[in-house]
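# here is the input, now give the coordinates:
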Amino acid sequence: MATAESTPGVPSSELHAALRRYWGYSSFRPLQEAVVRSLLAGRDACVVMPTGGGKSLCYQLPAVLGERGGAHGEARGLTLVISPLIALMQDQVAQLEQMGIAAAALHSAAPAGGARGGSGGEGASPLATWRAVCSGQVRLLYLSPERVARPDTIDWLKRAPLARVVIDEAHCISEWGHEFRPEYRQLSALRQHFPNVPIAAFTASATRRVRHDILAQLAMRDPAKFIASFHRPNLRYWVHACGRAKEAEAMLEAALRSSLAAHAGAAAIVYAPTIARVEQTAAQLSAHGIPAIAYHGKMEAQARRTTQERWMAGEVAVLVGTVAFGLGINKADVRTVIHLALPKSIEQYYQEAGRAGRDGDPAECVLLWQKRDLGLLAHFTEQIVDPDERERAWQRYHEVKRFAEQPACRHRQVCLHFGERPAWEQCGACDVCGYEPAWLQRPMPAAAPELPRPPARKAPPARFAAGAEGAAGAEGGLREHLRAWRLETARAAKIPAYIVMHDRALDELCRLQPRSLEELLEVPGFGERKVALYGEAILKLVSESI
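Residues are numbered from 1 along each chain as shown. Here you go, the predicted model:
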């Protein structure tokens with residue numbers, strides 16, 4: 001496997017300069033630089049990184065370097081990204097535009113009218129977007145798999161300066177994948193249409209069998225393979241078979257109260273098996289003093305988007321959703337993910353539970369299930385007509401059943417499922433290995449007492465603050481002012497609040513409290529474009545709050 005040190009090409013200083021300039025980060029996460037170098041070298045690649053590992057940066061940064069050319073000044077061309085969700089594409093384009101990177105998306109919701117602006121971003125007509133793409137004005141183009149399958153799309157792409165094709169959520173191409181989508185199978189024709197264009201496949205959850213299927217379906221040639229560890233040591237898995245629904249309800253309420261009381265401004269996700277259960281659970285939690293909001297596939301698209309944005313912005317701490325929620329969610333401070341039924345597969349559970357603790361801090365993943373869940377899964381499996389698909393579903397059923405019932409380390413079971421063999425037998429971070437949530441040690445709540453105030457956070461370092469005295473108190477006020485400003489700014493721009501400023505960047509702002517644009521550039525998450533757009537307003541808020 002290639003490493004960042006062994007792969008020739010762009011100097012490390014150039015990579016880090018782009019990382020700092022656009023993303024505002026001073027260092028790469030594990031494997032990121034090696035993947036970036038592999039893509040810049042023009043190799044096919046299969047990349048498996050856990051949720052929160054920073055996959056999108058791995059293909060966005062090579063596209064960015066194209067703006068300035070390679071080591072010899074040659075053009076890098078267009079990066080085509082195939083993504084399964086319209087909302088995900090729209091958010092990616094909006095985030096890139098906020099960083100000053102030319103990007104566009106084409107999907108079924110694309111407008112049919114005239115263009116607004118020449119970059120081909122959101123608001124441009126498909127024709128204007130294609131013209132911008134073919135003239136080299138766009139660095140990243142996001143397409144749905146359905147759009148790629150259209151003959152006219154292939155014709156346009158053959159006129160574009162195509163440098164590489166990236167397939168996101170690549171497990172969808174495999175029939176052994178937990179989210180198989182037939183339209184993804186048509187992507188196998190990309191190698192025929194573009195025989196000399198490198199292909200990179202990215203996913204967070206693919207077993208060895210699925211990975212091999214991805215390589216075969218895409219006809220990859222000597223691909224670089226980057227497989228990150230599936231072990232998430234900061235996650236605390238706790239699996240419990242509930243005797244009845246009332247027990248699960250009491251545990252759910254206790255877990256959420258404990259999490260929201262212990263972590264200031266933290267978020268939680270509750271996964272329920274049906275739309276009815278989603279709405280019922282959200283209503284019950286709200287009635288008991290825990291503000292919660294429902295999310296499911298039968299809501300109108302705009303209602304779903306508004307719900308997601310309210311949760312992402314921290315207006316509501318708890319989101320109760322079906323499996324329709326979560327793909328591409330980039331929220332770092334989720335402290336608790338609770339499942340109210342068995343998932344359909346280990347991959348699904350790993351992906352959904354893995355939305356907790358993306359900031360690396362400890363987080364709880366609670367699975368509350370009942371014996372009837374197994375009966376329902378078996379019933380739905382028997383309804384599958386295709387015999388091959390039914391066989392795959394039965395395999396997933398038995399894997400989930402073993403995970404829930406077998407008294408073996410949960411973390412180890414997950415790693416083994418994905419083909420990773422840990423050297424350890426016990427993790428100390430799951431119910432089997434002795435972990436017990438703090439809320440279990442207290443009586444279940446009969447009523448809904450007011451949640452206690454969270455403790456004050458640590459004061460910022462002296463190098464930014466004029467004096468540490470009273471800093472902790474000032475930080476709380478600054479956080480509220482920044483949240484309000486972020487929401488107002490986002491609404492004016494008609495984009496989600498987290499695209500203006502991510503929660504992690506907001507936390508760092510409150511901690512560091514910069515006093516100048518130069519100091520703001522040192523805050524992780526603030527690249528040159530973000531500082532140019534919002535720097536003066538942010539510094540004014542900091543000055544008024546401390």
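# so what does residue 318 look like in phi/psi?
Dihedral pair for residue 318: phi -110, psi 130, per degrees, to the nearest 10.
# one more: residue 98?
Dihedral angles (degrees, to the nearest 10) for residue 98: phi -60, psi -30.
# same check on residue 316?
Dihedral angles for residue 316 - degrees, to the nearest 10 - are phi -130, psi 130.
# excluding covalently adjacent residues, which one is nearest to it?
residue 293 (4.6 Å; C-beta to C-beta, 6 or more residues apart in numbering). The C-beta positions use only the backbone N, C-alpha and C, and glycine is treated the same way.
# assign that neighbour to helix, strand or coil.
Per DSSP: H, G, I helix; E, B strand; the rest coil, the secondary structure class of residue 293 is strand.
# roughly how far apart are residue 229 and residue 312?
Here the criterion is C-beta to C-beta, to the nearest Å. By it, residue 229 lies 27 Å from residue 312.
# neighbour-wise, which of those two wins?
residue 312 (22 against 16; other C-beta atoms under 10 Å).
# quick check: closest non-adjacent residue to that one.
Per C-beta to C-beta, 6+ apart, closest to residue 312 is residue 498, 4.6 Å.
# quick check, pLDDT for the one you found.
For residue 498, the pLDDT comes out at 84.
# what of residue 68?
Confidence for residue 68, expressed as pLDDT, is 41.
# does the residue nearest to residue 312 really touch residue 313, like I thought?
Yes: judged on C-beta atoms under 8 Å, residue 498 makes contact with residue 313 at a distance of 6.6 Å.
# please give me every residue in contact with the closest residue to residue 243 other than its chain neighbours.
The shortest distance from residue 243 to any non-neighbouring residue, by C-beta to C-beta, 6+ apart, is to residue 370 (7.7 Å). Residue 370 sits next to 241-245, 248, 341 when contact means C-beta atoms under 8 Å, 6 or more residues apart in numbering.
# can you report phi and psi for residue 370?
Per degrees, to the nearest 10, the backbone of residue 370 is at phi -130, psi 160.
# next one: it from residue 436, what distance?
Taking C-beta to C-beta, one finds residue 370 at 21 Å from residue 436.
# what residues does stretch 480-494 touch?
For stretch 480-494, using C-beta under 8 Å, 6+ apart, the contacting residues are 309, 313-315, 496-497, 499-501, 506, 509-510, 534, 537-538, 541, 544-545.
# helices of the stretch 251-400 of the chain, start to end?
Secondary structure of the stretch 251-400 of the chain by DSSP state H, counting those that start in this stretch: the helices cover 275-287, 301-312, 346-353, 371-382, 387-405.
# any chance of JSON lines for those, columns mean pLDDT and distance to residue 489?
Converted to JSON lines, these look like this (pLDDT from 0 to 100; distance: least, C-beta to C-beta, whole Å):
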{"stretch": "helix 275-287", "mean pLDDT": "94", "distance to residue 489": "28"}
{"stretch": "helix 301-312", "mean pLDDT": "88", "distance to residue 489": "13"}
{"stretch": "helix 346-353", "mean pLDDT": "94", "distance to residue 489": "31"}
{"stretch": "helix 371-382", "mean pLDDT": "93", "distance to residue 489": "44"}
{"stretch": "helix 387-405", "mean pLDDT": "94", "distance to residue 489": "43"}
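# fine, thanks again, bye for now.
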